[in-house]
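Participant: Predicted model, plus sequence, below.
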Amino acid sequence: MRWVTSCLSPERTIMRLVHSAILVGLVGFLASPVLSKAVTEADLRAHIAILASDDFEGRKPGTAGEAKTVKYIAEQWAKAGVKPAAADGGWFEPVPLIQRGQGSFDYSFNANGRKLRVGSDDIVLIGKQAEYVRGNLPMVFAGMGVKSDGTVGADVAGKAVLVLFDAENVPDKMKSPRARREALVAAGAEAIIFVGDSKGSWPSLRRLLLSRPIALESRETRASLEGAVTSEFAVGLVTAAGQDWDTLRAHAKQADYAGESLGIDADFNVKTDIYRFNSSNVIGKIPGRKKNSGALMYMGHWDHLGICAPEGAPDRICNGAVDNASGIAVMNEVAKALAKKKHDRDIYFVATTAEESGLLGAYAFAQKPVLPLDQIILSLNVDTIAIASRGSKVAIIGRGTTPLDAEVEAVAKKMGRMIESSTNANAFIQRQDGWALTQKGVPALMVGGSFADLDLLQKFLGSDYHGPNDELTDATELRGAAEDTDLHIALGRYFADTRKYKSKKAGE
């Protein structure tokens, strides 16, 4: 390099060098992540106002609301500079879903060669396939469905099983009807019929069965026939067969109850309305500059419950402003911030469908990922984030399940955030999309202030949650959500940098 002599005086030359140094330092300082533009409440509110508007009809999968939602997300990510990353090179990864509704059915029950007469018609029957025809199916009473150790004690293989909806003396993990149903299916039950208390559980049980719940057929555990009856129906049925319902219920409370035959054969002819459709996960990517260095992922569900209230209700739409338009709003702003520069690692954004139906979009992604799961160094799920105010502690859902807690906390502390060090938030670990990835060995966490104050979170869950009142209002708390957005941006910059975070995954 050739040196050039300046014609300026030494004093002016020194002053110019000083001014240049100050200018360079100031530019670098202003461009640093610490002083980059913070995300505002207004930024998030603008997204939520659209996603949680009545025009989007509650964002239920398979509706016009879905089409508007996924289009909006893809447009926002494209505008930010994110690239489409679904398997076909586009934005939308198909998720095959199924709904079943009650069609027509006939049934009869027989004992000792005679047809039994039941005084109630409170029965719901729904088949796995469009048509189910079976005669002389033996019936057993299985009590709660499982014994006190959680195992199925009754001989249910190839039989119709009558099961109490309300569970006592069973492990916590088996209290849900779904868990007991799946255990009975695994034991070979052909038909499973729950008994609901007409003064308590029957209305909700009936409503659930008739609501055409959405399922991911590829991971269903379902009997050939499922349904429900009222306790009055069950009483009439077993009494007509010469047994006593109160005695059966008393037997069911025994810790080692192994069920008993009812001496009844059932004939079923059930037609079920089946609707199969493709919903979509939206998948985008900020390509990294270092191949084979792994990938960071942000995940959040776009769906909600749609038109959820009955006809005639003053407000029928469950808009889902907090759950989870707020999470998608955060992801949009994180994408906008991170796409402004190149990073070492790939950064993926996955907006999932049908979380409200059982994390179905997340499970579909885990079954058929667009990148090898062992390349994901961390997945950050963003859900129900508009709860806490600014200055809230940072909690981690998934604390202790990965080796990354200290790394996450270090980033949060650098931003002046205090840490909630308890594992209380882990009570929600199986209720969010990250669980589908955790089960596949992917480090998956939820991070933020909404999970630090569980009393505050439970207040939302006990009021506006999953109802028409989860709308965007002037009172919607977005200060903490904006602060958590900045935290997620900082986490992205940290984990996408191979010098700052040296992953043990991806061959590093």
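Facilitator: Cool, the structure landed.
Participant: contacts and neighbour counts: CA atoms only from here.
Facilitator: Noted.
Participant: looking only at pLDDT, what's the mean for the stretch of helix or strand I377 belongs to?
Facilitator: Assigned by DSSP states H and E, I377 belongs to strand 376-381. Taken as a whole, strand 376-381 carries a mean pLDDT of 98.
Participant: ok, R180 touching M174?
Facilitator: Yes - judged on C-alpha atoms under 8 Å, R180 makes contact with M174 at a distance of 5.8 Å.
Participant: Can you pull the residues that touch both of these two?
Facilitator: V146 (C-alpha atoms under 8 Å, 6 or more residues apart in numbering).
Participant: picking that back up, in terms of secondary structure, what does the strand holding I377 contact?
Facilitator: Packing partners of strand 376-381 (3 or more C-alpha pairs under 8 Å, 6 or more residues apart in numbering; DSSP states H and E): strand 295-301, helix 434-438, strand 444-448.
Participant: Try it again at 6 Å.
Facilitator: Counting contacts by 3 or more C-alpha pairs under 6 Å, 6 or more residues apart in numbering; DSSP states H and E, strand 376-381 packs against strand 295-301, strand 444-448.
Participant: need the contact list for Y132.
Facilitator: 269-270 (C-alpha atoms under 6 Å, 6 or more residues apart in numbering).
Participant: List the neighbouring strands of the strand holding I377 plus their orientation.
Facilitator: The pairing partners recorded for strand 376-381 under DSSP bridges are strand 295-301 (parallel), strand 444-448 (parallel).
Participant: how far does it sit from the chain's center?
Facilitator: Distance of strand 376-381 from its chain centroid, counting by C-alpha atoms, centre = their mean, to the nearest Å, is 15 Å.
Participant: Same check on stretch 489-507?
Facilitator: 26 Å.
Participant: okay, that stretch in CSV with CA atoms only?
Facilitator: Backbone C-alpha positions of stretch 489-507 (Å, rounded to 0.1, in the frame of the first residue of the first chain) are rendered in CSV as follows:
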residue,chain,number,x,y,z
ILE,A,489,-34.7,-11.1,18.7
ALA,A,490,-31.7,-11.1,21.0
LEU,A,491,-32.0,-14.9,21.4
GLY,A,492,-32.1,-15.3,17.7
ARG,A,493,-28.9,-13.2,17.2
TYR,A,494,-27.2,-15.2,19.9
PHE,A,495,-28.1,-18.7,18.9
ALA,A,496,-27.7,-18.1,15.2
ASP,A,497,-24.1,-17.0,15.7
THR,A,498,-21.6,-19.9,15.7
ARG,A,499,-19.0,-17.8,17.6
LYS,A,500,-21.4,-17.0,20.4
TYR,A,501,-23.1,-20.4,20.7
LYS,A,502,-21.1,-23.4,19.8
SER,A,503,-23.7,-26.2,19.3
LYS,A,504,-23.0,-29.8,20.1
LYS,A,505,-25.5,-30.6,17.4
ALA,A,506,-24.9,-30.5,13.6
GLY,A,507,-21.4,-31.9,13.8
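Participant: Please spell out which residues along that stretch are buried.
Facilitator: For stretch 489-507, burial by neighbour count (16 or more other C-alpha atoms under 10 Å) applies to 489-498, 503, 506.
Participant: Repeat that for stretch 141-153.
Facilitator: For stretch 141-153, by 16+ other C-alpha under 10 Å, it's 141-148, 150-153.
Participant: again with stretch 254-261
Facilitator: 256-260.
Participant: quick one: contacts of that stretch?
Facilitator: For stretch 254-261, contacts defined as C-alpha under 6 Å, 6+ apart pick out 140-142, 147-148, 153-154.
Participant: Show me which of these is closest to G400.
Facilitator: Comparing the contacts of stretch 254-261 against G400 with C-alpha to C-alpha places S148 closest, at 29.2 Å.
Participant: Under a three-state scheme, what state does the closest one occupy?
Facilitator: coil (DSSP: H, G, I helix; E, B strand; the rest coil).
Participant: contacting residues around it?
Facilitator: 169-170, 255.
Participant: and what of E407?
Facilitator: Not one residue lies near E407 by C-alpha under 6 Å, 6+ apart.
Participant: is it true that it lies in a helix?
Facilitator: Yes - assigned with three-state DSSP, E407 falls within a helix.
Participant: measure it to K60 for me?
Facilitator: Plainly put, E407 is 36 Å away from K60 if you go by C-alpha to C-alpha, to the nearest Å.
Participant: about what we covered before: can I get the buried residues of stretch 489-507 in JSON lines with pLDDT, secondary structure and distance to I73?
Facilitator: Below are the buried residues of stretch 489-507 laid out as JSON lines (pLDDT from 0 to 100; DSSP: H, G, I helix; E, B strand; the rest coil; distance: C-alpha to C-alpha, whole Å):
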{"residue": "I489", "pLDDT": "98", "secondary structure": "helix", "distance to I73": "18"}
{"residue": "A490", "pLDDT": "98", "secondary structure": "helix", "distance to I73": "22"}
{"residue": "L491", "pLDDT": "98", "secondary structure": "helix", "distance to I73": "22"}
{"residue": "G492", "pLDDT": "98", "secondary structure": "helix", "distance to I73": "19"}
{"residue": "R493", "pLDDT": "98", "secondary structure": "helix", "distance to I73": "22"}
{"residue": "Y494", "pLDDT": "98", "secondary structure": "helix", "distance to I73": "25"}
{"residue": "F495", "pLDDT": "98", "secondary structure": "helix", "distance to I73": "24"}
{"residue": "A496", "pLDDT": "98", "secondary structure": "coil", "distance to I73": "22"}
{"residue": "D497", "pLDDT": "98", "secondary structure": "coil", "distance to I73": "26"}
{"residue": "T498", "pLDDT": "97", "secondary structure": "coil", "distance to I73": "29"}
{"residue": "S503", "pLDDT": "80", "secondary structure": "coil", "distance to I73": "30"}
{"residue": "A506", "pLDDT": "45", "secondary structure": "coil", "distance to I73": "29"}
